[in-house]
Every structure is written in structure tokens, then in C-alpha cells.
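Undergrad: build me a model from this:
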Amino acid sequence: MSGYQDIDFQQARDILDREADSVLLDVREEEEFITGHPMEAELLPLSTLGPATAAEVIPGKDSPALVYCRSGIRSRQAAEKLVQMGYTRVYDLGSLVGWPYGMV
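TA: Numbers count the residues shown, from 1 in each chain. Sure thing, here's the model as predicted:
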């Protein structure tokens, strides 16, 4: 078992709306992030993802952490890393292309 769950946009929206400690993580690089992202997204590039940086943006090991990137490759890698670091509720959205809930 991978330790994380693949979810779709509706499932992500439900988690973000229902769970106050959930966090939507953009694991692209800052140059990509500034071109457009969901309003509630936090930037945590895969290249900087580690125990200290994860702890800065994810409230707790049991908080829902939803990850996405451009194509789904980095989000899968980030999800695997978070699980290895002990995060228990990791969700992979894959690519955010087509996100229907607004971008900034």
C-alpha cells in the first residue's frame, strides 16, 4: 500500500471545506506557483520538501495534506515523501489542470 490516497477535485474540495486543519500544497517551484494557483494553496516545492519545511505548513502529522503539481509526477513523489515522514492523511490530486474552484 502506498500510504496516500489519490483523490479528485470534488473530494479535495470536500476535505478542504470540512476539515479546518487541512492544507492544499503546491509542490511546483515558485516560478510556476506565481503563474496561477488556488487561493488557499500553500507553496511547498518538492525540491525543498523535508521534515522542517513540511512542519512549517502542515499543522500536524494527522492533518489532511493535499498535494498537486503540473503533471502529477512531483505530487506523487511529494505524497510518498510525506508518508515516509509520518504524515497519515496524505492525498494526491495529481495535476491541477481543470481545477474548477478558482485560481489566483
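Undergrad: now stretch 97-104: average pLDDT?
TA: Taken as a whole, stretch 97-104 has a mean pLDDT of 92.
Undergrad: what's the end-to-end length of it?
TA: End-to-end distance of stretch 97-104 (Cα to Cα, to the nearest Å): 14 Å.
Undergrad: who's in contact with it?
TA: With Cβ atoms under 8 Å, 6 or more residues apart in numbering as the test, stretch 97-104 has contacts from Phe9, Arg13, Gly36, His37, Pro38, Met39, Arg70. The way it works is simple: take the backbone N, C-alpha and C, and place the C-beta from them, glycine included.
Undergrad: buried set for it?
TA: Neighbour-count burial for stretch 97-104 flags Trp99 (criterion: 16 or more other Cβ atoms under 10 Å).
Undergrad: how about stretch 6-15?
TA: Ile7, Ala12, Arg13, Ile15.
Undergrad: where do the helices sit along the protein?
TA: Assigned by DSSP state H, the helices in the chain fall at 9-18, 30-33, 51-57, 73-84.
Undergrad: for the longest one, packing partners?
TA: Going back to what we said before, that points to helix 73-84. Here helix 73-84 touches strand 4-6, strand 65-69, strand 90-95, going by 3 or more Cβ pairs under 8 Å, 6 or more residues apart in numbering; DSSP states H and E.
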